[in-house]
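Q: sequence first, predicted coordinates after that:
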There are 2 protein chains.
Amino acid sequence: MMSATRETNSAGFRRFDAGGATLEQLGEAELLRRLTSIALEAGAGAELVLPAGDDAAVWRVAAGMDVVLSQDAIVEGEDFRRGWTDPEEVGERALHVAISDLAGMGAQPRLGMVTLCASPATQVEDLLAVQRGLCGAALGAGCRVAGGDVSAIQGPLVVDVSVLGTVPPDRALRRDRGRPGDLLVVTGHLGGAAAGLRILTEDLPATPPARERWLARQLRPTARIAEGLALTELGVACAGDLSDGLLVDVGRIIEASRCGAELWVESLPVDAELPQVLGDRWLEAAIGGGEDFELVAAVAPERLPAVLDGWGADLVPLQVVGRLDLGPGLRLRDREGGAAVPLPPILSRHFRQP
Amino acid sequence: MMSATRETNSAGFRRFDAGGATLEQLGEAELLRRLTSIALEAGAGAELVLPAGDDAAVWRVAAGMDVVLSQDAIVEGEDFRRGWTDPEEVGERALHVAISDLAGMGAQPRLGMVTLCASPATQVEDLLAVQRGLCGAALGAGCRVAGGDVSAIQGPLVVDVSVLGTVPPDRALRRDRGRPGDLLVVTGHLGGAAAGLRILTEDLPATPPARERWLARQLRPTARIAEGLALTELGVACAGDLSDGLLVDVGRIIEASRCGAELWVESLPVDAELPQVLGDRWLEAAIGGGEDFELVAAVAPERLPAVLDGWGADLVPLQVVGRLDLGPGLRLRDREGGAAVPLPPILSRHFRQP
């Protein structure tokens, strides 16, 4: 037993470090879920059309105007290392990581703010370069940087970006709008960012041009803003971004939409070089690797032809990769109607298949 | 000379750590100014009624609806230490520090988001307590927490809060609306937070009840939301919050309003104990110590009676402390029309008097 006088202060509050599970033991995803619960208990839903828990929250600021809000940090040592990249790219990446949540909501980014925490010995020119990269990337996405904060830190560089976007009322792409029978479509290619990370951390022996492509996917991701806008314009209601990989992000859709899903391995859009370089582990990168920042949407089968027809030539391609169903859970097949495929061992440790 | 191949990457970008001035050498305020310039060059003004550079930015999201935006981080080791406080208080403080900028704009806080960066060994219960403190303080200010992010960090705890408030169109309290002849008024009492910090860091020998009051001012500040709203409702146009101390924040007003000012030492609202405990250094705490999170406003003399008359009994008191004039710069007098007072030595190192 620890004494109450040491563990609480005069107001009866609990002191820091009184014991219990650590962040490492719990994991960031579960912590975020618990933090969201606390916010919801404190009435976060009252101001919001869609409270925390989707890619982003939706605030009806005025009649006819829904504002979509999100905030994402990248941290040196966790999300990037100085030797991998340069400060402009860190700024660009921080902006795209943050607005990817707006893409997953079908919103047009409008404004961002950024906090930079940097050690006192950090070179000013590096921080200005982060800001230049961030503001340049924002401008490219039709968004402006409205302000922010700077703080010293005895620790790694933190770039924390909050973003606001707009969407017509009730048109935000939501995770809870999927229905059994909807086809799952993804934008672009999967697994490149995970392969890029393995080039950086494990010296994965990839050769050009795949090597450069995968490094770019990891270090210079592009949020799929135009694709998210196109999905809403084409009448799609359910989508999310692939920040944590197809398995996790489809898992979020089926949880919110209270249904199941199957994914078809042979339909997954991956570079031809991915199986060549990664061998048996290509599937793990394609469905378990995060940070591709593509989108996944659930589209009613009767609407799919119109979506494919209306899909602009300037957008990254759409690919059908599976279907929502009655479940249970999320399952893999080699193709539609084909044989069941077990989850790669490293993923089955994290994701239980029913 | 450093070689170009080592200092730039294939895209011609500058690598990290190529040399130059450090954050410590430049200072956070000057860095923030340069970061703001970069954002403005990238067109930040285009979306904004009032761009970065005031307490907060103002976005006209729809006709009849101005949204005020700000973001502020508190960092362990810089803004608080674990031994001083408990996690609920850290969350409360982070929220009040962030919404104080909205108070300085006369805005009603509506939504916030928070990023927590914590070392993997951080106890989950501490982080949940931070969130509880933050959400509870938000609710008390009429504001909800709409989401945020969590990240591991090999370093200190970071609590970075972005906030949105609303204000009737063109009614935000701006730093650039002061005119020579306007009287400077402040809310509440000054110097308590600085005295509290000295109790914590230097064991300043204060006795109850001043000791508890000053510790509370440092550890549990209260943003002056109701006072900011009252100022706008009473027709005041120019104000800001006192996050960095009266000298710095009045300095910002006279820079933005292109005028000068004088402050009257005998009018400064300070606790009677402040000169008793701090001796000659009380003035330094009152005008140079930041973090009181009171407000300073510039009020036309013909409007002052109506402002004092309409000032609610539930609000902290208003006190006239000086006047805007033609300058040059910011000067101290013992009283209106009285003798010039030199800046305390420690402050004159930072602030040049003309």
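A: On my side now, so go ahead.

Q: from here on, contacts and neighbour counts on C-alpha atoms
A: Will do.

Q: show me what the residue in the stretch 51-200 of chain A that chain B sits nearest to is bridged to.
A: Residue of the stretch 51-200 of chain A nearest chain B, by Cα to the nearest Cα: residue A:123 (4.2 Å). Beta bridges link residue A:123 to residue B:22 when assigned by DSSP bridges.

Q: then residue A:260?
A: On the basis of DSSP bridges, residue A:260 is bridged to residue A:325.

Q: do you know how far it is from residue A:190?
A: 21 Å (Cα to Cα, to the nearest Å).

Q: the two: which is more packed in?
A: residue A:190 (29 against 23; other Cα atoms under 10 Å in any protein chain shown).

Q: ok, the more buried one - contacts?
A: For residue A:190, the contact set (Cα atoms under 8 Å, 6 or more residues apart in numbering or on different chains) comprises A:268-271, A:285-287, A:292, A:294.

Q: phi and psi next, for it.
A: phi -110, psi 150 (degrees, to the nearest 10).

Q: try the one 10 residues further on
A: As for residue A:200, its main-chain torsions (degrees, to the nearest 10) stand at phi -70, psi -40.

Q: same deal with residue A:208?
A: phi -60, psi 150.

Q: excluding chain neighbours, give the residue nearest to residue A:109 in space.
A: In space, and not counting its chain neighbours, residue A:109 is closest to residue A:165: 4.0 Å by Cα to Cα, 6 or more residues apart in numbering or on different chains.

Q: so which strand or helix has that neighbour?
A: Following DSSP states H and E, one finds residue A:165 within strand A:158-167.

Q: near chain B, which residues of the stretch 101-250 of chain A?
A: A:110-111, A:113-115, A:118-126, A:128, A:131-132, A:135-136, A:139, A:144-156, A:160, A:162 (Cα under 8 Å from any Cα of the partner chain).

Q: now do the strands in chain A.
A: Taking DSSP state E as the test, the strands found in chain A are A:48-50, A:57-62, A:65-75, A:108-118, A:144-152, A:158-167, A:183-187, A:238-241, A:260-264, A:295-299, A:318-325, A:330-333, A:340-341.

Q: list the strands paired with the fifth one, with their directions.
A: Put plainly, it is strand A:144-152. For strand A:144-152, using DSSP bridges, the partner strands are strand A:108-118 (parallel).

Q: kindly report the same for the last one.
A: Each strand paired with strand A:340-341, and its direction, by DSSP bridges: strand A:330-333 (antiparallel).

Q: give me the residues contacting the partner strand.
A: A:247, A:250-251, A:254, A:260-265, A:339-343, A:353-354.

Q: buried only: go through those residues for me.
A: A:247, A:250-251, A:254, A:260-265, A:343 (16 or more other Cα atoms under 10 Å in any protein chain shown).

Q: would you map out the domains in chain A?
A: Chain A breaks down by automatic domain parsing into domains covering A:27-33+A:51-167, A:175-348.

Q: point out the most buried one among the ones you listed.
A: Per residue and on average, the most neighbours among the domains of chain A fall to domain A:27-33+A:51-167, with a mean of 24 (mean count of other Cα atoms under 10 Å in any protein chain shown).

Q: end-to-end on that domain?
A: Distance across domain A:27-33+A:51-167, first residue to last, is 32 Å (Cα to Cα).

Q: swap in stretch A:142-159?
A: Note: stretch A:142-159 ends 20 Å apart using Cα to Cα.

Q: do stretch A:159-175 as well
A: From its first residue to its last, stretch A:159-175 covers 27 Å (Cα to Cα).

Q: avg pLDDT for it?
A: Averaged across stretch A:159-175, the pLDDT comes to 95.

Q: any regions of the stretch 101-250 of chain A where pLDDT drops low?
A: Applying pLDDT under 70 to the stretch 101-250 of chain A picks out no residues at all.

Q: ok, now which ones touch residue A:185?
A: Taking Cα under 8 Å, 6+ apart, we find residue A:185 in contact with A:296-299, A:318-322.

Q: now, which of the residues you listed sits nearest residue B:33?
A: Nearest to residue B:33 among the contacts of residue A:185: residue A:296, at 39.8 Å, using Cα to Cα.

Q: for the closest one, give me its contacts.
A: Shown in contact with residue A:296 (Cα under 8 Å, 6+ apart): A:184-187, A:239-242, A:246, A:249-250.

Q: can you do 6 Å?
A: For residue A:296, the contact set (Cα atoms under 6 Å, 6 or more residues apart in numbering or on different chains) comprises A:185-186, A:239-240.

Q: point to the residue nearest the middle of chain A.
A: Computing the C-alpha centroid of chain A and ranking residues by Cα atoms, centre = their mean puts residue A:243 first, at 2.4 Å.

Q: pretty sure that one contacts residue A:293?
A: Yes: at 5.0 Å, residue A:243 and residue A:293 qualify as touching, with contact defined as Cα atoms under 6 Å.

Q: tell me where chain A has helices.
A: With DSSP state H applied, chain A shows helices at A:4-7, A:23-26, A:28-41, A:87-103, A:124-140, A:192-202, A:210-219, A:225-233, A:246-257, A:273-278, A:282-283, A:304-310, A:345-348, listed in chain order.

Q: now render those as a markdown table, adding distance to residue A:74.
A: A markdown table is the format used below for the helices of chain A (distance: least, Cα to Cα, whole Å):
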| stretch | distance to residue A:74 |
| --- | --- |
| helix A:4-7 | 33 |
| helix A:23-26 | 17 |
| helix A:28-41 | 14 |
| helix A:87-103 | 6 |
| helix A:124-140 | 12 |
| helix A:192-202 | 15 |
| helix A:210-219 | 12 |
| helix A:225-233 | 20 |
| helix A:246-257 | 19 |
| helix A:273-278 | 26 |
| helix A:282-283 | 26 |
| helix A:304-310 | 34 |
| helix A:345-348 | 24 |
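
Q: nearest to residue A:327, out of those helices?
A: Closest approach to residue A:327 among the helices of chain A (Cα to Cα): helix A:246-257, 8.8 Å.

Q: what's the closest one in contact with?
A: The contact list for helix A:246-257 (Cα under 6 Å, 6+ apart) reads A:175-178, A:260, A:287.

Q: how about a cut-off of 8 Å?
A: Applying Cα under 8 Å, 6+ apart, the external contacts of helix A:246-257 come out as A:175-179, A:239-243, A:260-261, A:286-290, A:296, A:324, A:329-330.

Q: now that helix and strand A:295-299, what's the angle there?
A: Relative orientation of helix A:246-257 versus strand A:295-299 (axes from the mean of the first three to the mean of the last three Cα atoms, to 10 degrees): 40 degrees.

Q: can you give me the angle helix A:246-257 makes with strand A:183-187?
A: Here the directions of helix A:246-257 and strand A:183-187 differ by 130 degrees (the same axes, to 10 degrees).

Q: distance from the chain centre to helix A:246-257, please.
A: How far helix A:246-257 lies from its chain's middle: 12 Å, per Cα atoms, centre = their mean, to the nearest Å.

Q: which residue packs closest to residue A:151, ignoring adjacent ones?
A: Leaving aside its sequence neighbours, residue A:151 sits nearest to residue A:117 (Cα to Cα, 6+ apart; 4.8 Å).

Q: quick one: the one you found from residue B:35, how far?
A: To residue B:35, residue A:117 is 13 Å away according to Cα to Cα.

Q: with residue A:246 instead?
A: 36 Å.

Q: follow-up on the earlier one: closest one of the contacts of residue A:190 to chain B?
A: For the contacts of residue A:190, the nearest to chain B is residue A:292 (18.3 Å; Cα to the nearest Cα).
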